[in-house]
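1. Fold the stuff below for me.
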Amino acid sequence: MIDVGQKLPSFSLQNQDGAARSANDYAGKWLVLYVYPKDDTPGCTIQGKSFTATKADFDAANAVVVGLSEDDVASHKSFCDKFSFTIELLADPEKKLLAALGVAQSEWKGTMYWERSTFLVDPQGVVRKVYAKVDPNGHEKVVLDDIAKLKG
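-> Numbering: from 1, shown residues only. The predicted model follows:
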């Protein structure tokens with residue numbers, strides 16, 4: 001997995017609306033890039049709802065929350081619409097950014113999935129904290145606290 005102190009890998013992916021996004025789009029803000037296994041599954045829904053519910057807190061901290069999975073744009077759009085998410089989801093069906101980040105995979109009931117991980121990136125594009133095997137319950141509060149601590 002990518003280490004603290006490394007630059008976020010460059011990427012060009014589409015969000016749930018089909019808009020192209022790159023690392024440069026988030027420059028100047030804290031980026032909470034959270035990897036989740038699959039759209040519209042229980043833990044992923046909890047996480048998306050939690051980040052949406054605290055979006056104003058992240059905005060106040062000069063931070064943007066972006067979800068990442070290998071699901072495609074249409075799946076992300078449906079997921080966002082179903083739960084009224086106000087956060088952005090990036091589609092990585094070719095698994096390029098997921099691989100560049102070094103996100104681990106696990107097997108569950110014969111299916112491989114990307115482990116829930118979060119990368120906290122500072123406004124200069126440097127990874128400042130990596131969270132592996134994330135519990136979706138309350139994770140947003142941990143990240144907000146860590147942003148405050150890192151800002152000093």
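2. which secondary structure element contains the spatially most central residue of the chain?
-> Nearest to the mean C-alpha position of the chain, by C-alpha atoms, centre = their mean, lies residue 34 at 2.1 Å. Using DSSP states H and E, residue 34 maps to strand 30-35.
3. List the pairing partners of that strand within its sheet, with orientation.
-> Applying DSSP bridges, strand 30-35 is found paired with strand 63-69 (parallel), strand 117-121 (antiparallel).
4. so what secondary structure elements neighbour the helix or strand following it?
-> Later in the chain than strand 30-35, the nearest helix or strand by DSSP H and E is helix 42-53. With contacts taken as 3 or more C-beta pairs under 8 Å, 6 or more residues apart in numbering; DSSP states H and E, helix 42-53 sits against strand 30-35, strand 63-69, helix 73-83, helix 139-151. Every C-beta, even on glycine, is put in place using the N, C-alpha and C of the backbone.
5. Now do the same for the shortest one: mean pLDDT, whole number.
-> So the one you mean is strand 30-35. In this model, strand 30-35 has a mean pLDDT of 98.
6. orientation of that strand relative to helix 42-53 in degrees?
-> Relative orientation of strand 30-35 versus helix 42-53 (axes from the mean of the first three to the mean of the last three C-alpha atoms, to 10 degrees): 160 degrees.
7. ok, residue 137 touching residue 45?
-> No - the pair residue 137 and residue 45 does not pass the contact test of C-beta atoms under 8 Å, sitting 11.8 Å apart.
8. remind me which residues of this structure are low pLDDT?
-> Applying pLDDT under 70 to the chain flags no residue at all.
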